[in-house]
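Asks: Could you look at this predicted model? Sequence included:
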Amino acid sequence: MPTAKAAKTPAKAAPAADAYKKLGAAKLLKIHELMVRARLLEERLIKMSKGGDGFFWIGGPGEEAFNVPLGLQVKKGSGVDCDFLHLHYRSAAIVLAMGAQPIDSLRQMRSVGTDPYSKGRNFVNHYAIPELNVVPVSPTIETQYATAIGTGIAQARAKTDAITVVNGGDAGTAEGDFHSCLVWANRPVLPLPILIIVVNNGWGISTAAATQHGEKNIADWAKVFPDMPGKTINGNDVAESWSALEEAFAYIRKNRKPYLLEVKASRLYGHSSSSGANRIPEADCIALLEESLVKRGLAKVSDFKAVWEREAAALDAAHKQVKSEPFPELETVWQDVFADGLPPSYPTKGGS
Ligand SMILES: Cc1ncc(C[n+]2csc(CCOP(=O)(O)OP(=O)(O)O)c2C)c(N)n1
């Protein structure tokens, strides 16, 4: 089990003394289990990237306290009457909370043909889940804020309470796509029901946020638009994250207008495997949750130990299974590639 370490990011206790009790032990323990599942998965993926059982890792350990409540509050399903998600590469805990299985991330990491997100072709944590309205994750940062406009328009026109959710990082807000999203979401002729999330971990690879942002909070961009609430929260705190999301989802579902939410969170293993993926001594949201639950008498340390052990055993079994699965066949290389007129020297395009 992790321990709460010195924090660069906020590590204060629950915002309201009873916010945890209000959520209740059963829900908190479910959230805890999903957070542990996501953390163990990310740590396994890192190990795979370092051990030659994969090529590159990027992911979201440190964001579980916000991402699990987000995944649990989404209106799940496919089509315009369910929420659409335009995610980025730190979103594992969101999709796991929505029901995705850790084994599929192991498959994408090992690049085996059974990877349901990209058939072994894309980086790990690059999801594409049509049945959950999770649109394909792009390795180019911030483009998700542009595609979110599209599903936002569809949902603004439809008679539905479903919304679009988009998330990304603080550094990416320097890109035009982020500002296009703000402008399009706030057009008076057709405001868009989009939850615009920026997870601020204080870094863009190795560039410190403090050196780049003239604005005090990224959520301050909301001040320009009178109809768009903007809020900055401590994403290391489960109760604060849960209630901020509840408020934002309810506002957007009812008013059919955007909401900008900035989430301060830890980046526990640095940027990616390219920067070493070693543990950083920032606040650990799982340790903080465990402390909060024990302090309030909502759980015992032995309860947590059982969860960590059970989840680790399930992951071991999944990893063993994935190691027995085949890599993609060479002749499938052009399947699902949307290009015609390939030079004759290339293998024939197979599939559809
Ligand atoms: C369009 C584009 N520019 C640059 C990059 C290289 N790049 C990958 S991640 C990253 C930093 C992103 O930082 P931030 O938006 O804060 O998100 P974080 O990774 O911290 O979650 C950059 C610059 C990229 N992938 N795409």
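Replies: Nice, thanks for sending it over. Residues are numbered from 1 along each chain as shown.
Asks: Please enumerate the helices of the stretch 151-300 of the chain.
Replies: Using DSSP state H, counting those that start in this stretch, the helices found in the stretch 151-300 of the chain span residues 176-185, 238-255, 285-295.
Asks: In contact with whichever residue of the stretch 101-250 of the chain sits closest to the ligand, which residues?
Replies: With C-beta to the nearest ligand atom as the measure, G169 is the residue of the stretch 101-250 of the chain nearest to the ligand, at 1.9 Å. From N, CA and C alone the C-beta is placed, and that goes for glycine too. Shown in contact with G169 (C-beta atoms under 8 Å, 6 or more residues apart in numbering): H88, R90, I141, V198, V199, N200, N201, G204.
Asks: next one: V294
Replies: By C-beta under 8 Å, 6+ apart, V294 lies in contact with K300, V301.
Asks: and it, how far is that from the ligand?
Replies: Computed as C-beta to the nearest ligand atom, to the nearest Å, the V294 to the ligand distance reads 30 Å.
Asks: Give me the distance between that residue and V36.
Replies: As judged by C-beta to C-beta, to the nearest Å, V294 and V36 stand 15 Å apart.
Asks: circling back: any chance of the helices of the stretch 151-300 of the chain in CSV, with mean pLDDT too?
Replies: Compiled in CSV, the helices of the stretch 151-300 of the chain are given as follows (pLDDT from 0 to 100):
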stretch, mean pLDDT
helix 176-185, 98
helix 238-255, 98
helix 285-295, 97
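Asks: Relative to Q155, which of those helices is closest?
Replies: Among the helices of the stretch 151-300 of the chain, helix 238-255 comes nearest to Q155, with 9.7 Å by C-beta to C-beta.
Asks: And that closest one, what does it pack against?
Replies: Judged by 3 or more C-beta pairs under 8 Å, 6 or more residues apart in numbering; DSSP states H and E, helix 238-255 is in contact with helix 19-23, helix 25-50, helix 64-73, strand 194-200, strand 230-234, strand 259-264, helix 285-295.
Asks: Nearest to L330, out of the helices of the stretch 151-300 of the chain?
Replies: helix 176-185 (35.8 Å).
Asks: how about that closest one against the ligand, any contact?
Replies: No: taking C-beta under 6 Å from any ligand atom as the criterion, helix 176-185 and the ligand are apart, separated by no less than 8.5 Å.
Asks: Which residues does that helix contact?
Replies: Helix 176-185 has contacts (C-beta under 8 Å, 6+ apart) with 142-146, 148-149, 152-153, 166, 168, 172, 191-192, 194, 196, 198, 221, 224-225, 228, 257-258, 260.
Asks: Report the buried residues of it.
Replies: Neighbour counts over helix 176-185 (16 or more other C-beta atoms under 10 Å) mark D177, F178, C181, L182, W184, A185 as buried.
Asks: wouldn't Y259 be in contact with I252 here?
Replies: Yes: between Y259 and I252 there is a contact at 5.3 Å, judged by C-beta atoms under 8 Å.
Asks: got any residues that touch both of these two?
Replies: I194, L195.
Asks: Using the three-state scheme, assign D53.
Replies: Put simply, D53 is coil when judged by DSSP: H, G, I helix; E, B strand; the rest coil.
Asks: Excluding residues flanking it in the chain, which one is nearest it?
Replies: With C-beta to C-beta, 6 or more residues apart in numbering as the measure, R110 is the residue that lies nearest to D53, at 6.0 Å, once sequence neighbours are left out.
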